[in-house]
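A.B. asks: Give me a model of this one.
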Amino acid sequence: MLEIERKFLANITYARYFINKNNLQPKHLTQTYLEKSKDKEIRVRMIKSESGISYTKTVKLGNGLIREENEYEISEEEYNSDISENLGTVVKIRYYMNDDKDCIDYYPILRIATFEAEFESEEEALAFDPEIVYPGLTVKEISGDSTYSNLKLGQTQLHLAKLQNLENTLK
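C.D. replies: Okay, the predicted model is just below:
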């Protein structure tokens with residue numbers, strides 16, 4: 001399946017307002033990367049929501065605006081086996097909107113939020129203006145910016161957690 005997606009840094013205040021105003025329900029994601037290269041990414045997710053816990057594995061091929069994405073459900077046992085050796089993990093809270101085509105991801109440890117929009121075509125993606133659809137939600141586009149890749153954000157979360165533990169130990 002083709003994934004056509006753009007990603008934006010979100011205004012955290014507006015994101016919280018939008019989530020509350022629209023009563024968006026959270027899904028707590030623990031996303032672990034098993035393989036990452038320029039043209040291939042393999043990850044597993046544990047998804048906690050009102051309906052319970054599920055596990056998925058995703059393989060993404062290519063880079064840029066359009067990528068091939070194959071996602072399927074896996075067992076808890078396969079998930080636990082897969083995460084034993086990994087490149088990194090990111091923890092985030094996802095809020096779906098627009099019939100699950102768009103979402104706000106909140107990274108509690110980092111205190112930032114991102115907004116992702118998925119599209120049916122490249123033309124639709126290129127024509128999309130978030131300020132028209134969701135005025136005030138986005139700060140800047142970060143599609144393709146490795147600083148904001150989920151793997152990089154996960155590594156930053158781990159670094160911050162270690163610093164917080166060290167700080168607590170020194171108190």
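
A.B. asks: Packing partners of the helix or strand containing V90?
C.D. replies: Assigning secondary structure by DSSP states H and E places V90 in strand 88-97. In terms of contacts (3 or more C-beta pairs under 8 Å, 6 or more residues apart in numbering; DSSP states H and E), strand 88-97 is packed against strand 26-36, strand 102-107, helix 150-170. Where C-beta positions appear, they are placed from N, C-alpha and C, glycine not excepted.

A.B. asks: any chance of these in a markdown table, with distance to E78 and mean pLDDT too?
C.D. replies: Shown next, in a markdown table, are those (distance: least, C-beta to C-beta, whole Å; pLDDT from 0 to 100):
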| stretch | distance to E78 | mean pLDDT |
| --- | --- | --- |
| strand 26-36 | 11 | 96 |
| strand 102-107 | 24 | 97 |
| helix 150-170 | 20 | 81 |
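
A.B. asks: Most tightly packed of the ones you listed?
C.D. replies: Burial of the helices and strands packed on strand 88-97 is given as mean neighbour count (mean count of other C-beta atoms under 10 Å); strand 102-107 ranks first at a mean of 21.

A.B. asks: Give the bridge partners for K40, please.
C.D. replies: With DSSP bridges as the criterion, K40 is bridged to L61.
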